[in-house]
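S.K.: next comes the sequence, and after it the predicted model I'd like to discuss.
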Amino acid sequence: MLPPLSPWQQRTYAQAAEALAAGHFGHATLIAGPALLGKRLLAEHLARRVLCQVPRPDGEPCGSCRSCTLFAARSQMEALEVRPDGTPAHPWGHSAHPDLLFLGYEINQKTGKPRAEIVIEQVRALTGKMGLTAQMGGAQVVIVDPADAVNWSAWNAILKTLEEPQPGRYLWLLASSPAQLPATIRSRCQRLELRLPPRAEALDWLRQRGHAPALAEEALDAARGHPGLADAWAAGDGLALRRDAVKDAQALQRGQAEATEVAQRWVADGRAAERLRHLAEFALREAAGLTDPAATRTLAARFDAANRARELLHTTVRADLAVAEALLAWR
């Protein structure tokens, strides 16, 4: 069964359910919000509602029809987990529900590793399935996650689907960076937004997840109010990684470390992007409340350098050189 929705997911779900009940929910929807805030789980809850064959009077799924049974018993098809640094953890599987389709990162048959983007061949296969009659005679739902990984040539094939909508066909695009989607795509989609919840609500949710109050507060502060990210860091070693990244930055400031040596350590375990994210966050915290323009400019440059290095990690530039350049700003 699906995990329950968090309060902030439930608010967005209620908004979508109201539109569905009123017949105002469009063919294509862009579900936007920060990574790890629960866009995928929200989409799955909505899919279960849309696909139910005998919904309850309030529109919620019955839980016992064939569609609901297939949905609950579908084979292991967890979406590609995206680490806090945005890199893929493992590939998608498939849904056992014939009218619930997923499009995400696939394994590159040549390398055996997940692709870095969603390519046109995947989209063509998907649009072919969307052109068929729904196998259970009802709706058909397609979830693209992450939509901001679709390459530009593949968008042309998706655009054709958006321009020729069919009744009962839903295309949901999940994106953490919706600005990366072409304007022609965004303009044809309704938009559902997942937003960061109030601090008290996020802390209560983290405590319900089993995190000690002090740890929950530290993680939420480190994640700048993002409960999903705070949960991931508190449950794993994300906070320890953050503390080590800050120590390295402070050592560089004091002249007690060399940028090249630190960079080599940061890239050795493949988690340089996570450390760079913490480095950028540390620069923001250091800049808070400053009134000295020169100091503010220095920290702004450090923030920009860390984020620029994160982007370079997705290119052919040597990772240690990209990280070293960001670290040099802290000398």
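M.R.: Sure, I can see it.

S.K.: check contacts around residue 48.
M.R.: Contacts for residue 48 (C-beta atoms under 8 Å, 6 or more residues apart in numbering) come out as 2, 61, 68, 71. For glycine as for every other residue, the C-beta is placed from the backbone atoms N, C-alpha and C.

S.K.: out of those residues, which are buried?
M.R.: Burial by neighbour count, 16 or more other C-beta atoms under 10 Å: within the contacts of residue 48 this picks out 61, 68, 71.

S.K.: ok, these vs residue 144, which is closest?
M.R.: Nearest to residue 144, judged by C-beta to C-beta, of the buried ones among the contacts of residue 48 is residue 71 at 18.6 Å.

S.K.: in the protein, where is pLDDT below threshold?
M.R.: Under the criterion pLDDT under 70, the flagged ranges of the chain are 74-95.

S.K.: which of the contacts of residue 48 lies closest to residue 186?
M.R.: Distances from residue 186 to the contacts of residue 48, taken by C-beta to C-beta, are shortest for residue 2, at 27.8 Å.

S.K.: can I assume that closest one sits in a helix?
M.R.: No. Applying DSSP: H, G, I helix; E, B strand; the rest coil, one finds residue 2 to be coil, outside a helix.

S.K.: quick check, it in contact with residue 44.
M.R.: Yes. At 5.7 Å, residue 2 counts as touching residue 44 under the criterion of C-beta atoms under 8 Å.

S.K.: the stretch 201-331 of the chain: helices as residue ranges?
M.R.: For the stretch 201-331 of the chain, the helices defined by DSSP state H, counting those that start in this stretch cover 213-222, 227-235, 238-253, 259-268, 272-287, 293-312, 319-328.

S.K.: was I right to think residue 181 contacts residue 162?
M.R.: No. At 11.4 Å, residue 181 does not count as touching residue 162 under the criterion of C-beta under 8 Å.

S.K.: quick one: the helix or strand hosting residue 69 to chain centroid distance?
M.R.: Using DSSP states H and E, residue 69 sits in helix 66-72. Taking C-alpha atoms, centre = their mean, to the nearest Å, one finds the center of helix 66-72 at 26 Å from the center of the full chain.

S.K.: now do the helix or strand following it: which elements does it pack against?
M.R.: Beyond helix 66-72 on the C-terminal side, the first helix or strand identified by DSSP H and E is strand 100-103. If contacts are counted by 3 or more C-beta pairs under 8 Å, 6 or more residues apart in numbering; DSSP states H and E, strand 100-103 sits against helix 120-130, strand 140-144.

S.K.: give the pairing partners of strand 100-103; include direction for each.
M.R.: strand 140-144 (parallel) (DSSP bridges).

S.K.: on contacts alone, who are the packing partners of the helix or strand just after the strand it pairs with?
M.R.: Using DSSP H and E, the next helix or strand after strand 140-144 towards the C-terminus is helix 152-163. On a contact count with 3+ C-beta pairs under 8 Å, 6+ apart, helix 152-163 meets helix 120-130, strand 169-175, helix 183-186.

S.K.: redo these as TSV? Include distance to residue 236 and mean neighbour count.
M.R.: TSV is the format used below for the helices and strands packed on helix 152-163 (distance: least, C-beta to C-beta, whole Å; neighbours: other C-beta atoms under 10 Å):
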stretch	distance to residue 236	mean neighbour count
helix 120-130	30	16
strand 169-175	23	24
helix 183-186	34	14
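
S.K.: fine, thanks again, bye for now.
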